[in-house]
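J.: coords please:
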Amino acid sequence: MYAVVWLFGSVLLFVWIQSFAVLGIAAVLYPLIWKAADWDPRFIDVAMTTLQETPPTRNRKIHGGDSYAP
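T.: Here you go, the predicted model:
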């Protein structure tokens, strides 16, 4: 399943940017993503949830990162 999503995303990005560098980067990154998914089957779900549901805080520039503690 990950291969299909990765291939579709890579080809779509290649069509938008029209650079063979995209295909090279995708080919290099695929084994890393595959190993991460092999290590934790829910890796992609966790990454997507973190990116979508964890908004940046207002004090991000002050502390150099997000702090959700009171």
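
J.: CA only for contacts and neighbour counts going forward, please
T.: Fine.

J.: from what I can see residue 37 touches residue 46, true?
T.: No: here residue 37 lies out of contact with residue 46, judged by C-alpha atoms under 8 Å, at a distance of 10.6 Å.

J.: and these two? which has more neighbours close in?
T.: Ranked by neighbour count (other C-alpha atoms under 10 Å), residue 37 and residue 46 place residue 37 first, with 15 against 12.

J.: apart from its chain neighbours, what residue comes closest to that one?
T.: residue 43 (5.4 Å; C-alpha to C-alpha, 6 or more residues apart in numbering).

J.: quick check: phi and psi on that neighbour?
T.: When quoted as degrees, to the nearest 10, the phi and psi of residue 43 stand at phi -60, psi -50.

J.: look at residue 68 and report its pLDDT.
T.: pLDDT, residue 68: 69.

J.: centroid-nearest residue for this protein?
T.: residue 47 (6.7 Å; C-alpha atoms, centre = their mean).

J.: so how far is residue 37 from it?
T.: 11 Å (C-alpha to C-alpha, to the nearest Å).

J.: can you pull out the helices in this structure?
T.: With helices called from DSSP state H, the chain shows them at 2-17, 20-39, 43-53, 60-63.

J.: can you lay out those as a markdown table showing mean pLDDT?
T.: What follows is the helices of the chain, written out as a markdown table (pLDDT from 0 to 100):
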| stretch | mean pLDDT |
| --- | --- |
| helix 2-17 | 84 |
| helix 20-39 | 88 |
| helix 43-53 | 80 |
| helix 60-63 | 78 |
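
J.: skipping adjacent residues, who's closest to residue 36 in space?
T.: residue 43 is the one closest to residue 36 (C-alpha to C-alpha, 6+ apart), at 6.6 Å.

J.: isn't that neighbour right up against residue 34?
T.: No: judged on C-alpha under 8 Å, residue 43 makes no contact with residue 34 at a distance of 9.8 Å.

J.: joint contacts of these two?
T.: Counting by C-alpha atoms under 8 Å, 6 or more residues apart in numbering, residue 43 and residue 34 have no shared contacts at all.

J.: just give me the neighbour total for residue 4.
T.: Neighbour tally, residue 4, other C-alpha under 10 Å: 9.
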